[in-house]
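Colleague: dropping the sequence and predicted coords here.
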Amino acid sequence: MFETDSKRTPLLEFFESLGFNAEGNNGTGHIKIYNSVNDELHSLYEGVGMRDISNYGIFELRGNDVLDFIHRISTNSVKNLPKESAVCTIFTSEKGRIIDSTLLLNFEDHQVLISTPSNKMKVKSWIEKYVIMDDVKITNVNESFILLELLGPQAESFTAMIGGNAEREIEENQFKVISSDGMVFFLIKLKNEDGKYKFWILADVLNGKNIIKNFKDYNGPFDFNFIGTEAYELYRIEQGITSAPNELNGKFNPHETNLLNLVDFEKGCYIGQEVIARLDTYDKVQKKITGITIPEKLIEMPLLLYDEDSREVGVVTSLTYSEKIDKSIGLAMIRKNYLNDGTNLTAKSENGNSFQVTVHNLPFNR
């Protein structure tokens with residue numbers, strides 16, 4: 001399932017008016033390919049790509065207790081988050097399993113929480129469940145705002161071109177309001193899984209449309225492309241980026257999904273803290289996310305993994321086809337005794353079909 005298969009974004013009809021073809025029904029929608037998968041992948045690895053991620057959950061949080069409340073129920077330290085700063089934090093269940101991985105922005109007089117698309121209603125319900133006497137009010141503002149992502153090795157230089165001197169003043173995990181060419185938006189500087197900077201643009205719908213139009217008309221030195229779901233899914237799996245609902249769900253914990261950088265082990269109690277701390281202290285983590293390859297092209301999901309003695313040792317969580325190596329590649333949650341690169345396993349579908357699987361270290365080389 002594609003990460004962006006959740007709801008029609010405020011920009012989707014605008015993209016369609018520009019000549020791009022959207023897919024989906026029943027209120028959902030996405031653009032699989034803007035240009036070509038190879039061109040879009042080239043921009044992700046060599047240039048700069050832009051994704052419409054407006055279907056992520058965008059929530060406005062208001063009240064005097066917001067930072068203290070989120071600090072108490074999520075994994076990272078947010079209580080003293082400075083104005084115009086951002087922090088990633090995970091909501092976990094009492095068993096330490098992932099509700100969602102989110103980004104919190106502090107506007108001082110209010111906060112904005114951004115969740116993954118498929119988990120947004122779960123996050124809202126989770127927060128409302130624990131608000132008792134706290135001065136916290138959460139509102140879904142997806143209809144009023146758009147969210148764009150710029151990533152790739154040229155993202156920082158490209159963003160400097162549109163943000164000017166203001167972009168140069170933004171540190172990692174900070175955001176500022178940008179006014180450029182008659183457009184006004186918030187620019188958020190984050191770090192991607194490969195260690196390079198990526199940028200999120202938060203704007204109202206009108207400014208978002210103007211930004212898209214300017215990007216579509218761009219004809220400069222940067223290798224720029226809009227990025228569809230097909231290219232990004234391949235990139236995501238090649239880079240080992242976990243996604244909801246595939247890996248960020250109630251089956252797995254931050255240890256297993258390599259998200260411990262979003263856990264503050266010094267800050268004290270939060271929901272799920274005892275389980276996560278115990279797994280860390282006593283080295284009790286039994287499985288980890290890793291890469292896999294399958295010779296067959298785009299086989300059915302779900303797939304369970306077995307060793308040579310027919311013992312169940314894992315599950316495939318994400319799968320796509322790589323034209324470059326002419327194999328299906330994926331992410332899988334596998335028991336730690338089977339994580340060595342080159343380990344051979346057997347995948348079985350619900351229909352009883354079997355496939356050869358080879359464990360592959362992350363990230364996949366390109």
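Modeller: Yep, that arrived.

Colleague: what's the burial count for Leu113?
Modeller: 24 (other Cβ atoms under 10 Å). Where you see a C-beta, it was placed from the backbone N, CA and C, and this is true even at glycine.

Colleague: what's near enough to touch it?
Modeller: 57-59, 61, 70, 102-105, 123, 138 (Cβ atoms under 8 Å, 6 or more residues apart in numbering).

Colleague: now intersect the residues you listed with the strands, please.
Modeller: 57-59, 61, 102-105, 138 (DSSP state E).

Colleague: mind putting those residues into JSON lines with pLDDT?
Modeller: Output for those, formatted as JSON lines (pLDDT from 0 to 100):
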{"residue": "Gly57", "pLDDT": "96"}
{"residue": "Ile58", "pLDDT": "97"}
{"residue": "Phe59", "pLDDT": "98"}
{"residue": "Leu61", "pLDDT": "98"}
{"residue": "Thr102", "pLDDT": "98"}
{"residue": "Leu103", "pLDDT": "98"}
{"residue": "Leu104", "pLDDT": "98"}
{"residue": "Leu105", "pLDDT": "98"}
{"residue": "Ile138", "pLDDT": "98"}
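
Colleague: which members of those residues are the farthest-apart pair?
Modeller: Leu103 and Ile138 (14.9 Å; Cβ to Cβ).

Colleague: now do the longest strand along the chain: which elements does it pack against?
Modeller: Secondary structure of the chain per DSSP E: the longest strand is strand 312-322. Here strand 312-322 touches helix 229-239, strand 287-294, strand 303-306, strand 327-335, strand 344-349, going by 3 or more Cβ pairs under 8 Å, 6 or more residues apart in numbering; DSSP states H and E.

Colleague: try it again with 7 Å
Modeller: With contacts taken as 3 or more Cβ pairs under 7 Å, 6 or more residues apart in numbering; DSSP states H and E, strand 312-322 sits against helix 229-239, strand 303-306, strand 327-335.

Colleague: Ile271: which of those is closest?
Modeller: Using Cβ to Cβ, these put strand 327-335 closest to Ile271, at 22.2 Å.

Colleague: pLDDT of the closest one, averaged?
Modeller: Across strand 327-335, the average pLDDT comes to 97.

Colleague: for that strand, buried residues please.
Modeller: Buried residues in strand 327-335, counted by 16 or more other Cβ atoms under 10 Å: 327-334.

Colleague: and if you look at stretch 303-320?
Modeller: 303-307, 313-320.

Colleague: ok, now stretch 244-261?
Modeller: Buried residues in stretch 244-261 (16+ other Cβ under 10 Å): 244-249, 252-260.

Colleague: returning to what we had before: for the buried residues of stretch 303-320, work out which two are farthest apart.
Modeller: Longest distance between any two of these is 24.5 Å, between Asp307 and Thr320; criterion Cβ to Cβ.

Colleague: distance between stretch 340-353 and the chain's centre?
Modeller: Stretch 340-353 sits 26 Å away from the centroid of its parent chain (Cα atoms, centre = their mean, to the nearest Å).

Colleague: low pLDDT regions in the stretch 201-350 of the chain?
Modeller: Applying pLDDT under 70 to the stretch 201-350 of the chain picks out no residues at all.

Colleague: at 80 instead, please
Modeller: Counting by pLDDT under 80, the stretch 201-350 of the chain has low-confidence residues at 298.

Colleague: rewinding a little: Asn207 is nearest to which of the helices and strands packed on strand 312-322?
Modeller: Here helix 229-239 is closest among the helices and strands packed on strand 312-322 (Cβ to Cβ), at 23.4 Å.
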